[in-house]
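1. got a sequence here, can you build the structure:
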Amino acid sequence: MGATRDDELRGLRARAYGPNADIRLDLQAQARLHELEDTGRHPAQPPEAATAPGPIIDPVDSTDEQDPHLVNEVEQRPSYELWRRLARLALAVRGRLAHARRSSVLLGLGLVVIASVTVSALVLVERVQPDPLQVGADQIARLSIDSGYQVPGFLRNIATESDSVLAFDEFYGLRAVIADAGWFSSGGEGECLTIFLVADAENAGSDSFPGQIRGGCAAGPFPAMTQLLADDEGLPEELRSAFPASTGLQFVYDRENQEVLIFAGE
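-> Residues are numbered from 1 along each chain as shown. Model (predicted):
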């Protein structure tokens, strides 16, 4: 903008914004002021300073001149993203499978424990049999065969075969013996159960017995059994001390398991 225009612009601005502004009454002066201010804000570019247009690049052929590394990176980027997603998916699946395997192992161990407890419970229930007379007695012991005990001669002599005589573990000073015949046999087939004091058997002979003997023999479907009171006269003191007075003890032979069951009731 030349000096003349600058002076003109200052004069017009004084008329528009000065203390004695009167440009509002001169429409032509207002238009000239706007023209000069617009020219000052957007100066005209000289023709020689104009930027020469660059070469026109065909967008279809532009990729031919790009860096091949950049092209490969752009082309391979989706593949990298795909591999990352597949890797994350594989890790997630492996974690779930590992958790499933741990859960399966724990579940399998739990089932084994439950099965073992169930089987044990069934065995115990089967082994704890009700008393034959159904009087509410409790099974308190099972006596197993004592192969090391020397059965008194008088019991061997009354048995048809000495090998068929079985002695069982001691029970509070009492001893149980099973034979295929006995003093309480009625002549039929079936085992006979004999209960006697261990101390008395020490003085027994081949055909005599100096102490008390209790017993009973099997009859048909009924097992060999006998019973006594824990405080009966002549019984061992250790037996009387182990059970309250008037406690009844029942001895029953379990042929299937070759054991003597003992029930107690009051």
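
2. domain map for this protein?
-> Annotated domains of the chain cover 3-46, 69-127, 138-265 [automatic domain parsing].

3. and these, which one averages the lowest pLDDT?
-> Lowest mean pLDDT within the domains of the chain: domain 69-127, at a mean of 53.

4. after the helix or strand hosting F154, which helix or strand is next?
-> In this structure, F154 sits in helix 153-158 according to DSSP states H and E. Following helix 153-158 in sequence order, the next helix or strand is strand 166-167 (DSSP H and E).

5. next up, phi/psi of V165, please.
-> Phi and psi for V165, reported as degrees, to the nearest 10, are phi -90, psi 120.

6. what helix or strand does the closest residue to D22 other than its chain neighbours sit in?
-> The shortest distance from D22 to any non-neighbouring residue, by Cβ to Cβ, 6 or more residues apart in numbering, is to R15 (5.8 Å). Where you see a C-beta, it was placed from the backbone N, CA and C, and this is true even at glycine. Assigned by DSSP H and E, R15 belongs to helix 3-17.

7. any idea how many residues pack against E170?
-> Residue crowding around E170 was assessed by other Cβ atoms under 10 Å; the count is 14.

8. residues in contact with it?
-> Contacts for E170 were tallied using Cβ atoms under 8 Å, 6 or more residues apart in numbering; they are D146, V198.

9. and L249, by the same measure?
-> Contacts of L249 (Cβ under 8 Å, 6+ apart): Q227, L228, L229, A230, F243, I262, F263, A264.

10. of the residues you listed, closest to D200?
-> Of all the contacts of L249, L228 has the smallest distance to D200: 14.3 Å, by Cβ to Cβ.

11. thinking again about what came up before, quick one: the residue nearest to D22 and D26, what's the gap?
-> 8 Å (Cβ to Cβ, to the nearest Å).

12. of those two, which one has the most company?
-> R15 (18 against 14).

13. next one: the residue nearest to D22 from D38, what distance?
-> R15 is 18 Å from D38, by Cβ to Cβ.

14. quick one: the closest residue to L193 other than its chain neighbours from A201, how far?
-> For L193, ignoring the flanking residues on the chain, the nearest one in space by Cβ to Cβ, 6+ apart is A224 at 4.0 Å. Separation of A224 from A201 (Cβ to Cβ): 19 Å.

15. now for D169, how many residues are close by?
-> Applying other Cβ under 10 Å, we find 15 residues neighbouring D169.

16. what does I213 give?
-> Count around I213 with other Cβ under 10 Å applied: 19.

17. dig out what it forms beta bridges with.
-> Beta-bridge pairing of I213 under DSSP bridges involves F196.

18. my read: it touches T194, true?
-> Yes - judged on Cβ atoms under 8 Å, I213 makes contact with T194 at a distance of 6.1 Å.

19. and the strands in this protein?
-> Ranges of strands in the chain, per DSSP state E, are 138-143, 166-167, 174-179, 192-197, 213-217, 225-229, 248-254, 259-265.
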